[in-house]
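S.K.: Give me a 3D structure for the following:
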Amino acid sequence: MTLEDYILEHISPEHPYLYRLYRATNIHLLRPRMASGHQQGLLLKMLCQMIRPKTVVEIGTFSGYSAMAMASGMERDGHIYTFEINDEQEDFTRPWIENSPWADQISMIIGNVSELLPTMQLPPLDLVFIDANKRDYIAYYRLLRPMMRPGGWMMADNTLWDGHVTDPAYDRDAQTIAIRDFNRMLAEEAARGDIDVNILDLRDGLTLIHIQG
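M.R.: Below is the predicted model:
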């Protein structure tokens, strides 16, 4: 038994709808590993239960697993706006969202978040989850930070990038460079006391960011 299998046997069971979604993701989509999966999805749920966000923005919907995992831990008056730039993803993902137990809490928006989000009149954001083009992480952060309430939270996925962030063999890889730059920027802001940052060694790396003011 692998350590991952052991963990999955000793944590809360996966919601049946999310189980079916994850299975369909692996059967029908390329790069199914992009979906959060049960362990990370459960963490997202539990973080939402702790933070109790009312307004959430997610960048990078993919199959919708992470959005639905977060919604499963939110109160009924909370809402997630999830942005997906790849319009070919819509045919798979939108029916899964609209037929889910959390359909009224999730709005899937197709298009470029950098163009669309500034035109939307949303309340200050309580929680943000960044899981899209790694080269744009710094741009996403700078876009979203002013929209957040003091004390809000951000999460960024894939911030260890399969260990490439410490591997000199990837020194010329654009996505690795971008993730390194993002991690460095956060560390510098944390050193100034503007934010608290922690990187969890979970799957491909999950960074938690607490906005101080």
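S.K.: switch to C-alpha atoms for all contacts and neighbour counts from now on
M.R.: Fine.
S.K.: Could you identify the longest helix within the chain?
M.R.: With DSSP state H applied, the helix covering the greatest number of residues in the chain is identified as helix 174-192.
S.K.: can you pull the alpha-carbon coordinates of that one into PDB?
M.R.: Presented in PDB, the C-alpha positions along helix 174-192 are these (Å, rounded to 0.1, in the frame of the first residue of the first chain):
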ATOM      1  CA  ALA A 174       9.100  29.300 -18.700                       C
ATOM      2  CA  GLN A 175       6.500  27.900 -16.300                       C
ATOM      3  CA  THR A 176       9.000  26.800 -13.700                       C
ATOM      4  CA  ILE A 177      10.600  30.300 -13.800                       C
ATOM      5  CA  ALA A 178       7.200  31.800 -13.400                       C
ATOM      6  CA  ILE A 179       6.300  29.700 -10.400                       C
ATOM      7  CA  ARG A 180       9.700  30.500  -8.800                       C
ATOM      8  CA  ASP A 181       9.100  34.200  -9.400                       C
ATOM      9  CA  PHE A 182       5.700  33.900  -7.800                       C
ATOM     10  CA  ASN A 183       7.000  32.100  -4.800                       C
ATOM     11  CA  ARG A 184       9.800  34.600  -4.400                       C
ATOM     12  CA  MET A 185       7.400  37.500  -4.600                       C
ATOM     13  CA  LEU A 186       5.200  36.100  -1.900                       C
ATOM     14  CA  ALA A 187       8.200  35.400   0.400                       C
ATOM     15  CA  GLU A 188       9.300  39.000   0.000                       C
ATOM     16  CA  GLU A 189       5.800  40.300   0.900                       C
ATOM     17  CA  ALA A 190       5.700  37.900   3.900                       C
ATOM     18  CA  ALA A 191       9.100  39.200   5.100                       C
ATOM     19  CA  ARG A 192       7.600  42.800   5.000                       C
END
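S.K.: Residue numbering should commence at 38 henceforth.
M.R.: Taking 38 as the first residue, the last one we looked at is helix 211-229.
S.K.: So which elements touch that helix?
M.R.: helix 174-181, strand 232-237 (3 or more Cα pairs under 8 Å, 6 or more residues apart in numbering; DSSP states H and E).
S.K.: ok now that helix, how far from the chain's centre?
M.R.: In terms of Cα atoms, centre = their mean, to the nearest Å, the centre of helix 211-229 is set 17 Å apart from its chain centre.
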